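In: with the input below, show me the fold.
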Amino acid sequence: ADDGRTVDEVLASMATYQDSPAYGATFVTEVGDAQAYLDLVHDIDRAYNYPYQSEVAVSALGHVLGAASQTRGGDDLGMQFAAAIVESPVADNTAIFNALTSQSDVVYGSGFLTKASDVLLQLDPTQVHDGTSYLTTRYSHDPVAGVLAAMGNNPDAALRYLSGDGSVDGDGNWVPDDKARQRWEKLTSRDWDCDFTMSASDKPTAADGLTSAVAAASSFRNPGPGEDGAVSSDAAQRDAAATYTSGMGVDYFSGDSWSRDEFTDTMKHNLAVVVANSPEEVAAAAAGDDEVSTGGEGPSVARWGVTPTDMSTMIFRFGDSQDAMTVASTGVGDYHHRRIEEAMSTDDPGQSNLGIEYGQLSRSSSYLTELSRMRYDEDMKADSRHAEDPSKASTHPVPNLLLAQAYGDAMNHGLLTDPSTLTTAKDHDWAVSDPDHPDAAPTVDIAGLTRGQADDMTAWEENSVTNENDLRVLSNLDNSISAKWTSGRDAASDARTN
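Out: Residues are numbered from 1 along each chain as shown. The predicted structure follows:
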C-alpha cells in the first residue's frame, strides 16, 4: 500500500467493510476493470506462495466482490468479469474467479451470477490453459464452477437461472422460456471433467456447482400456506419453476451421462437435498406406482421425464453416503409425519388413519433403506476382497424406532385408553407426564426418541401391555408397518445400479 501497510494489514482493515455494497463497489472501481481485479488476486497469490495467506486474501476479496455485485451495477459487473475471462481463457483467470465466487459464506447478486454464467457457459472448458499460482491448483479451471456454486448460496438466482422467465399453464406446470431450455441443453451436453485441480483439493468442482444450484432452486418446492390459509400465486409459480428445475436435475443426474462412481460427496449431498424436497415423488416410487406423481398435491417432476426408476437410481447413486441418506430420509420422514398429523387432526381420528399413514411412512423408509443397502452391496461386489453372493436377499427388519413412533402417536392421540397401559408407560423415560396433572395420560416426544428408548418401548409393548383393545391397536399398527416395509423394499429393485 502507498501508506506503507503490508498486504496482511490491508486485508485485515478491509474486514470491517467487506460486506458493504457501497464499499465493495468503490473498492472494485478503484482497483480498475475486471481483469485488474483478477490480476490483483493473482499477484497476491504469487507473492505469498503460501496456502493459508492466499486463502485469506481470496476470502476477503471474494467478500468485497460479492458485496459490489449486489449494487445496481451488479449485472454489468458480472458481464465484465465474464468478458475478461472469455478474452483471456487461462486458469489464472478462471480458477481465481472461481475462488472468489465459491466462498461458502458470500452471497453474490442474482444479476451478477446469471449474466456471468450465460457468458461463461459459451466457453469451452477444455480450452482453458494451465495456471501459474497456488490457487490454480486448488480451484476448478472450469469457467462456470464458481458462479454455479455461488447460486447454491442464492436460491433466487439459482431458480431464476435454471427455470428462466417462464409461466405456469392451466395444470400448474411450468412452461420454461427458450433461454431456460437453451441453458439446460448446454448444461447437459458439456464436458464436466475439466476441473484440473490437485487430487487433494476440497474445492467445488463444476458439477458440484451445478448440483448446488439445483438443490437451492428445489427449496422453493411445496410452499406452505399464507396467513389466509392458501398458497399465494407467487409461491405457486416458484413451486412450478422449482419442480421443473428439480425434474431436469434428477433426469440428468440419474441418466446415462453419469455413474455412481462419478458422484462426489458434495454432489451426493446436493442431490439428496433435491430428493428431500421431492417427498411425494419418493413416496410414489416406494409405492411401486407407474409414475412419480404427487397425487394432486402440486406439480410433479414426472412432467419433466422423471420415472420411478430414475428416482430409485438417483437415490442408489448417493446411497453410500450417510450424510446424503440422512438428508433424504429426514425430508421424506418429515413429509410423512406431517401427513400423520393431518390425518389425526380430523374430527374423528382413529386407528385406521394412523395405520394407513404409518404404513406409507414404513414403505418409504424401507425403500430408502433398501437402495442404500443395494449401493453398499454393489460396491462390495466390485471389490474382490468383499465378494458376496449377488442373489443374497435383504433381511433388514422393521426398525424399532419406526414402531416406537407409531406406538407413541397412538398414545398421544388417545388411542390407548386402558389405565394399566398408561400407568406402566409412566415407568419409562420416553413417557412424559404432566406434574400438574399426574393422573393424565402421558405423552411421547416422537421426534426426540432415541434408539435405546425405541428398543425399550417395543419391549414394553411386548411385555407390559395386557389390555385387549390396546393390544389390538398396537398389533394393527405392527401389521400395517410390516406389510408396507416389504413392499417398499420390493419397489427399490428397479434402480439402475451403475
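
In: got any ranges where the stretch 1-150 of the chain has weak pLDDT?
Out: Along the stretch 1-150 of the chain, segments meeting pLDDT under 70 span 1-4, 49.

In: tell me where it has helices.
Out: Along the stretch 1-150 of the chain, the segments classed as helices by DSSP state H, counting those that start in this stretch run 7-14, 21-31, 34-48, 51-68, 74-87, 91-101, 110-120, 135-138, 145-151.

In: distance between the ends of stretch 297-307?
Out: Terminal residues of stretch 297-307 are spaced 18 Å apart (C-alpha to C-alpha, to the nearest Å).

In: could I get the average pLDDT for it?
Out: In this model, stretch 297-307 has an average pLDDT of 94.

In: got the buried residues for that stretch?
Out: Neighbour counts using 16 or more other C-beta atoms under 10 Å place Gly298, Pro299, Ser300, Val301, Ala302, Arg303, Trp304, Val306, Thr307 of stretch 297-307 among the buried residues. From N, CA and C alone the C-beta is placed, and that goes for glycine too.

In: show me how far it is from its chain's centre.
Out: Remark: stretch 297-307 is offset 18 Å from the chain centroid, using C-alpha atoms, centre = their mean, to the nearest Å.

In: and the strands in this structure, which stretches?
Out: Shown for the chain, the strands assigned by DSSP state E span residues 167-168, 174-175, 431-432, 443-444.

In: just give me how far stretch 86-94 sits from the chain centre.
Out: On the basis of C-alpha atoms, centre = their mean, stretch 86-94 sits 31 Å off its chain's mean C-alpha point.

In: what lies in contact with that stretch?
Out: 35, 38, 42, 84-85, 119-120, 122-123, 127-133, 136, 140-143, 196 (C-beta atoms under 8 Å, 6 or more residues apart in numbering).

In: sorry, back to before: and the helices of the stretch 1-150 of the chain as a markdown table, adding mean neighbour count and distance to Ala158?
Out: Output for the helices of the stretch 1-150 of the chain, formatted as a markdown table (neighbours: other C-beta atoms under 10 Å; distance: least, C-beta to C-beta, whole Å):
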| stretch | mean neighbour count | distance to Ala158 |
| --- | --- | --- |
| helix 7-14 | 14 | 28 |
| helix 21-31 | 17 | 21 |
| helix 34-48 | 19 | 23 |
| helix 51-68 | 21 | 15 |
| helix 74-87 | 20 | 15 |
| helix 91-101 | 28 | 13 |
| helix 110-120 | 24 | 8 |
| helix 135-138 | 23 | 24 |
| helix 145-151 | 31 | 4 |
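
In: distance to Ala343 for those helices - can I get that in a markdown table?
Out: Listed next are the helices of the stretch 1-150 of the chain as a markdown table, based on distance: least, C-beta to C-beta, whole Å:
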| stretch | distance to Ala343 |
| --- | --- |
| helix 7-14 | 55 |
| helix 21-31 | 48 |
| helix 34-48 | 56 |
| helix 51-68 | 45 |
| helix 74-87 | 47 |
| helix 91-101 | 46 |
| helix 110-120 | 40 |
| helix 135-138 | 51 |
| helix 145-151 | 37 |
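
In: returning to what we had before: now render the strands of the chain as JSON lines, adding mean pLDDT and mean neighbour count.
Out: JSON lines is the format used below for the strands of the chain (pLDDT from 0 to 100; neighbours: other C-beta atoms under 10 Å):
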{"stretch": "strand 167-168", "mean pLDDT": "96", "mean neighbour count": "15"}
{"stretch": "strand 174-175", "mean pLDDT": "98", "mean neighbour count": "19"}
{"stretch": "strand 431-432", "mean pLDDT": "96", "mean neighbour count": "18"}
{"stretch": "strand 443-444", "mean pLDDT": "96", "mean neighbour count": "19"}
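
In: and these: which comes nearest Asp228?
Out: Among the strands of the chain, strand 167-168 comes nearest to Asp228, with 19.7 Å by C-beta to C-beta.

In: helices and strands around that closest one, which ones?
Out: On a contact count with 3 or more C-beta pairs under 8 Å, 6 or more residues apart in numbering; DSSP states H and E, strand 167-168 meets strand 174-175, helix 233-253.

In: what does it rub up against?
Out: Under C-beta under 8 Å, 6+ apart, the answer for strand 167-168 is Trp174, Val175, Ala236, Gln237, Ala240.

In: list the contacts for the second one?
Out: Contacts for Val175 (C-beta under 8 Å, 6+ apart) come out as Gly166, Ser167, Val168, Asp169.

In: try it again with 6 Å
Out: Gly166, Ser167, Asp169 (C-beta atoms under 6 Å, 6 or more residues apart in numbering).

In: for the last one, same thing?
Out: Neighbouring residues of Ala240 by C-beta under 6 Å, 6+ apart: Val168, Trp174, Pro299.

In: how far away is the first one from Asp418?
Out: Using C-beta to C-beta, to the nearest Å, one gets 52 Å for the distance from Val168 to Asp418.

In: the strands of the chain: which one's closest to Gly249?
Out: Taking C-beta to C-beta, strand 174-175 is the member of the strands of the chain nearest to Gly249, at 13.5 Å.

In: who does that closest one pair up with?
Out: Next to strand 174-175 in the sheet, as set by DSSP bridges, lie strand 167-168 (antiparallel).

In: related to what we said a few turns ago, in a markdown table, list the strands of the chain along with distance to Met411.
Out: Below are the strands of the chain laid out as a markdown table (distance: least, C-beta to C-beta, whole Å):
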| stretch | distance to Met411 |
| --- | --- |
| strand 167-168 | 43 |
| strand 174-175 | 43 |
| strand 431-432 | 8 |
| strand 443-444 | 6 |
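
In: how about those, which one is nearest Asn498?
Out: The closest of these to Asn498 is strand 174-175. By C-beta to C-beta, the value is 29.7 Å.

In: quick one: stretch 65-84 to chain centroid distance?
Out: In terms of C-alpha atoms, centre = their mean, the gap separating the centre of stretch 65-84 from the centre of its chain is 28 Å.

In: return that stretch as PDB; C-alpha atoms alone will do.
Out: Taking C-alpha atoms only, stretch 65-84 is exported to PDB below (Å, rounded to 0.1, in the frame of the first residue of the first chain):
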ATOM      1  CA  LEU A  65     -16.700  -8.500  -4.900                       C
ATOM      2  CA  GLY A  66     -19.800 -10.200  -3.600                       C
ATOM      3  CA  ALA A  67     -20.900  -7.000  -1.900                       C
ATOM      4  CA  ALA A  68     -20.200  -5.000  -5.000                       C
ATOM      5  CA  SER A  69     -22.300  -7.500  -7.000                       C
ATOM      6  CA  GLN A  70     -25.400  -6.600  -5.000                       C
ATOM      7  CA  THR A  71     -25.400  -3.000  -6.100                       C
ATOM      8  CA  ARG A  72     -27.300  -1.500  -9.000                       C
ATOM      9  CA  GLY A  73     -24.400  -2.200 -11.300                       C
ATOM     10  CA  GLY A  74     -24.100  -5.800 -10.300                       C
ATOM     11  CA  ASP A  75     -25.400  -7.200 -13.600                       C
ATOM     12  CA  ASP A  76     -22.900  -5.200 -15.700                       C
ATOM     13  CA  LEU A  77     -20.100  -6.200 -13.300                       C
ATOM     14  CA  GLY A  78     -20.900  -9.900 -13.800                       C
ATOM     15  CA  MET A  79     -20.700  -9.400 -17.600                       C
ATOM     16  CA  GLN A  80     -17.400  -7.600 -17.300                       C
ATOM     17  CA  PHE A  81     -15.700 -10.400 -15.300                       C
ATOM     18  CA  ALA A  82     -17.100 -13.000 -17.700                       C
ATOM     19  CA  ALA A  83     -15.900 -11.000 -20.700                       C
ATOM     20  CA  ALA A  84     -12.400 -10.700 -19.200                       C
END
